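In: Fold the stuff below for me.
(2 chains)
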Amino acid sequence: KAGVTQTPRYLIKTRGQQVTLSCSPISGHRSVSWYQQTPGQGLQFLFEYFSETQRNKGNFPGRFSGRQFSNSRSEMNVSTLELGDSALYLCASSSGTGGSHEQFFGPGTRLTVL
Amino acid sequence: AQTVTQSQPEMSVQEAETVTLSCTYDTSESDYYLFWYKQPPSRQMILVIRQEAYKQQNATENRFSVNFQKAAKSFSLKISDSQLGDAAMYFCAYRSGSNYQLIWGAGTKLIIKP
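Out: Model (predicted):
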């Protein structure tokens, strides 16, 4: 079974632009979560989607948004990019919701904002 | 709010020796799960081991085992017979039984000396 895939792997943008990152979960997984990883703040939860519904959202400004499609693929969008948005963005999928379900991570998208 | 603390930014161990990584957490919940994840230089986050809070028995996975002290809210990871491939960042994470997000520690960089 193919793992979680994220595209693109690397991205360079300038301040003020917007960006869309994509995540394809493991086949059959309906839950997708997004995390931001930075040297300063560490790993922080962005949001989680299950069956096209956002179930939970972390403490990020409204510039960060996401969605999930009927095939469980998910996208996250960051508008009006700031230098501080430079980070590794990780996507994880699981077969269900709740703490008992293991999350499988993708390789991440490295976003650099200049 | 739940928090996870890893007090060791970096640890080093001789190949074939045993090393223990520390993690403490704070929660008022009774239903939760604890995880250790490994993130090698490739950045792919890999689950090492998990522990259900309701289980008294410590989890083990081959050379990896945990010491789960629920009353002390401590969750340490022991790696036996350390191998060069174990070199990575190790993250301790908490997940509520009713919530979907992982709450992460700051990570411990493990160095294996040949």
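
In: Give me the most central residue, chain B.
Out: residue B:36 (3.2 Å; Cα atoms, centre = their mean).

In: part of a strand, is it?
Out: Yes: counting by DSSP: H, G, I helix; E, B strand; the rest coil, residue B:36 is found in a strand.

In: Just list the residues touching it, thanks.
Out: The contact partners of residue B:36, taken as Cβ atoms under 8 Å, 6 or more residues apart in numbering or on different chains, are B:21, B:23, B:47-50, B:64, B:66, B:75, B:77, B:90-93. Using the backbone N, CA and C atoms, a C-beta is placed for each residue, glycine as well.

In: Surely residue B:64 touches residue B:49?
Out: Yes: using Cβ atoms under 8 Å, residue B:64 is in contact with residue B:49, at 5.1 Å.

In: Can you give me the pLDDT of the closest residue in space to residue A:57 that isn't next to it in sequence?
Out: Distances taken as Cβ to Cβ, 6 or more residues apart in numbering or on different chains place residue A:47 nearest to residue A:57, at 4.6 Å, with adjacent residues excluded. According to the prediction, residue A:47 has pLDDT 92.

In: what is in contact with residue B:64 and residue B:49 at once?
Out: Joint contacts of residue B:64 and residue B:49 (Cβ under 8 Å, 6+ apart) are B:36, B:77.

In: Parallel or antiparallel, which strands does the least confident helix or strand in chain A by mean pLDDT pair with?
Out: Sorting the helices and strands of chain A by mean pLDDT, DSSP states H and E puts strand A:53-57 at the bottom, at a mean of 91. Pairing partners of strand A:53-57, with direction, according to DSSP bridges: strand A:42-50 (antiparallel).

In: For chain A, tell me which of the contacts of residue B:36 show up nearby.
Out: Taking Cβ under 8 Å from any Cβ of the partner chain as the test, chain A is in contact with B:47, B:50, B:91, B:93 out of the contacts of residue B:36.

In: tell me the two of these that are most distant?
Out: The span of the ones next to chain A among the contacts of residue B:36, defined through Cβ to Cβ, is set by B:50 and B:91 at 12.5 Å.

In: where in chain B is pLDDT low?
Out: Within chain B, no stretch falls below the threshold (pLDDT under 70).

In: quick one: residue B:47 and residue B:37 touch, right?
Out: Yes: in this structure, residue B:47 is within contact of residue B:37 by Cβ under 8 Å, at 5.8 Å.

In: more crowded one of those two?
Out: Using other Cβ atoms under 10 Å in any protein chain shown as the criterion, residue B:47 and residue B:37 rank with residue B:37 on top: 23 against 16.

In: From residue A:51, how far out is the nearest residue to that one once chain neighbours are set aside?
Out: Nearest residue to residue B:37, sequence neighbours excluded (Cβ to Cβ, 6+ apart): residue B:91, at 4.6 Å. Separation of residue B:91 from residue A:51 (Cβ to Cβ, to the nearest Å): 28 Å.

In: Give me the more crowded residue out of those two.
Out: Each of residue B:91 and residue A:51 has its neighbours counted (other Cβ under 10 Å); residue B:91 has more, 25 against 11.

In: quick one, what contacts the more buried one?
Out: A:43, B:6, B:36, B:37, B:38, B:39, B:45, B:104, B:105, B:107, B:108.

In: Which pLDDT value goes with the closest residue to residue A:52 other than its chain neighbours?
Out: Nearest non-adjacent residue to residue A:52, counting by Cβ to Cβ, 6+ apart: residue A:68, 4.8 Å away. With respect to pLDDT, residue A:68 has a value of 97.

In: Many thanks, have a good one.
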